[in-house]
Each structure stands twice: as structure tokens, then as C-alpha cells.
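Student: show me the folded form of this:
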Amino acid sequence: MITIDNLSRTYGSTVAVDHVSFVAEAGRVTGFLGPNGAGKSTTMRMIVGLTQPTTGTATIAGRRFADLPNPGVEVGVMLDASAQHAGRTGREILGIAQQTMGVPARRVDEMLELVSLTSAEADRRVGNYSLGMRQRLGVGTALIGNPRVLVLDEPANGLDPAGIRWMRDLLRDFADGGGTVLLSSHLLREVEIIADDIVMIGQGRIVCQGSKASLLRGEGSVARAADARALLRALHASGHDATVTSDGALTTAAEPSVVGRVAVEHQLALTELRAAESGLEDMFLELTANTQRDTRRERTVA
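Tutor: Below is the predicted model:
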């Protein structure tokens, strides 16, 4: 578990992070989102001891990163996959991490297999790696100590669709096994798929946080019925506005319990009934609108 309590960082008169507090729980993936310059990277650097907080604390299982006796076996970190030594091979980079942490030498080959780097690729210099290969190597380095916490900044950057799916499954399995994942990414669709909790930051301050389910829960319902038109008429007769979409789903401002009651009263069989959801991208743009570099007005073409 990662606990952030009243964390701030200032540089002279510039406030990069402004009294941020949140918890990344064990067994869950926490998506840490915000526009460029919002304070995400500074916060993550404070979590792993690379930047000293001006105020507040960041702890991992109750201890500061700097106080962990062997940090790599407790926290896996990848903040910049491009910051690897270009003159070393992938195998050498993993070997240095393995020796530094004092974990068994077999972990090098295990990580190469886990991140799908072949023997030939492992023996190539990192300077000749693609960005996606560097990302895979960075994840392998983060996991080589078999930590219970992962702190990752843009881990899917440079990966192709198959690689993104692989990354998603890897992190989901890690969290489902009881691990803690704090994930920063601009790939909002991927975060929407994988995250259990969302923390959103803008201009150094938290603008929203909570479970994905609660934050993205919209108003109203989405329903499907064996006879969609009959359900539509029944809702209208009960005083509820509703429409049928092109794919046959029915949307209404009425809550699911109301739709269910109307269906029962009119003896209509429902094949689907759920609360409506808003999209993460729409919520992100709305909550961070005043910090976005690009606005709708600025996109007009002369």
C-alpha cells in the first residue's frame, strides 16, 4: 500500500505539488492521471525518494522509500524507460539489478521470458532497442526483485496493440495477486479498462479521487429488452423519457430500479439493465479543462 499524506513540493515561488493526499490500496490498480505539468511525475518522484517533499510524507507499507533496507525487493519502479544505459545489453542491465538486490541469478532469465525479450534481443545494446523494447526491459527491471508494489509512469508508451494488451494483463494479474499498482498514463482508454481506482490531479492539486465505478457512474440507465419498443412505450406511459439507440439499447434518465419496476409491471423481459456510465476521457477533460494546453477554441482553423 502507498500512502500519500499532505504532500507538497515547491520550487521557489512555483508550486509543483500542492498538499496532495491519497492511498493506493493493495490488490488494486490506481490510475494517476493529469495533464502535462499537473504534478504527476513530481509526486511519483517523491514517492520513490528521487525528490524531497517540501511538506508531507509518502510511505510504502508505512515506511519512506529511503528507509527501506532493500527497496527493489519491495517496490518496483519505472519512471523513464529511456533512461537506461544505452551501451549495455538488456541482459547486463537486468544482471546489475539482480546483483544489486541480491536476488537469485535465475531471475534474469525469468524476467526476459516474462517480458518477451528473446535471447538475441537480450544480448543487443539498449541503444539499439525500440521504445517498446525499452519499456519491456524497464518492466522486467522493476519486477526482478519480486516486489509487492509497482510505481510506473507511462508503462505502455511505445508498445503496439499486442504489447499494450500484454501490459494490461500483466498489471491486472499483479494486482489480483495482492500487489499494489500506481500507474500514470495518458492512454485514458487503457486506464479505464484496467484501473480499480482513479486519482486525478490538475495544477498540483487533487481534482477527484475514488473508485472507477463510483466516479464514472452516470445518471440514468441503459436497458435491453426482448421487445425494446414495448419497454419504450411503457416508460413513456410512466412519465419517463427514453430513447432507443441504433444498436437496440434503451437509454433513460430513470434509475435502474425504476426501469426494472416498469418492466415487471408490464411483464416485459429484460436482457440487460445497468446504470449508465460516463467516459473517463470526458471526465478528464471536464475536470482538467482549466489546465489543458489545447482547448476547443484554440483548435479553430483560420
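Student: every contact and neighbour count from this point should use C-alpha atoms.
Tutor: Noted.
Student: quick one, domains of the chain?
Tutor: Listed by automatic domain parsing, the domain ranges of the chain are 2-214, 217-277.
Student: where along this protein do the strands fall?
Tutor: Using DSSP state E, the strands of the chain run over 2-11, 14-24, 29-33, 55-60, 75-78, 149-153, 180-184, 197-202, 205-211, 217-225, 242-244, 250-252, 270-277.
Student: okay if I get these as CSV plus distance to Val258 and mean pLDDT?
Tutor: Below are these laid out as CSV (distance: least, Cα to Cα, whole Å; pLDDT from 0 to 100):
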stretch, distance to Val258, mean pLDDT
strand 2-11, 40, 96
strand 14-24, 35, 94
strand 29-33, 33, 94
strand 55-60, 44, 96
strand 75-78, 47, 95
strand 149-153, 42, 95
strand 180-184, 37, 95
strand 197-202, 28, 92
strand 205-211, 25, 89
strand 217-225, 9, 80
strand 242-244, 12, 86
strand 250-252, 10, 86
strand 270-277, 11, 83
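Student: just put the domains of the chain in JSON lines and tack on distance to Leu287.
Tutor: Below are the domains of the chain laid out as JSON lines (distance: least, Cα to Cα, whole Å):
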{"stretch": "domain 2-214", "distance to Leu287": "7"}
{"stretch": "domain 217-277", "distance to Leu287": "15"}
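Student: by mean pLDDT, show me the worst of the ones you listed.
Tutor: Mean pLDDT values for the domains of the chain show the minimum at domain 217-277, a mean of 87.
Student: which residues touch the longest helix belonging to the chain?
Tutor: Ranked by number of residues, the top helix in the chain under DSSP state H is helix 161-176. Contacts to helix 161-176, defined as Cα atoms under 8 Å, 6 or more residues apart in numbering, come from residues Ala26, Gly27, Arg28, Val29, Gly132, Pro155, Ala156, Thr180, Val181, Glu190, Ile194.
Student: and it, what's buried?
Tutor: Using 16 or more other Cα atoms under 10 Å as the test for burial, helix 161-176 gives Gly163, Ile164, Trp166, Met167, Arg168, Leu171, Arg172, Phe174, Ala175.
Student: ok, back up a step: to Ser119, which of the strands of the chain lies closest?
Tutor: strand 75-78 (22.4 Å; Cα to Cα).
Student: got the contact list for the closest one?
Tutor: 48, 138-139, 141-143, 145-153, 155.
Student: please repeat the previous calculation with a cut-off of 7 Å.
Tutor: Residues from elsewhere that reach strand 75-78 (Cα atoms under 7 Å, 6 or more residues apart in numbering): Gly138, Val139, Ala142, Leu143, Pro147, Arg148, Val149, Leu150, Val151, Leu152, Asp153.
Student: next: stretch 146-154.
Tutor: Contacts for stretch 146-154 (Cα under 7 Å, 6+ apart): 72-80, 179-185.
Student: neighbour-wise, which of these leads?
Tutor: With neighbours set by other Cα atoms under 10 Å, the maximum within those is found at Val181, which has 29 neighbours.
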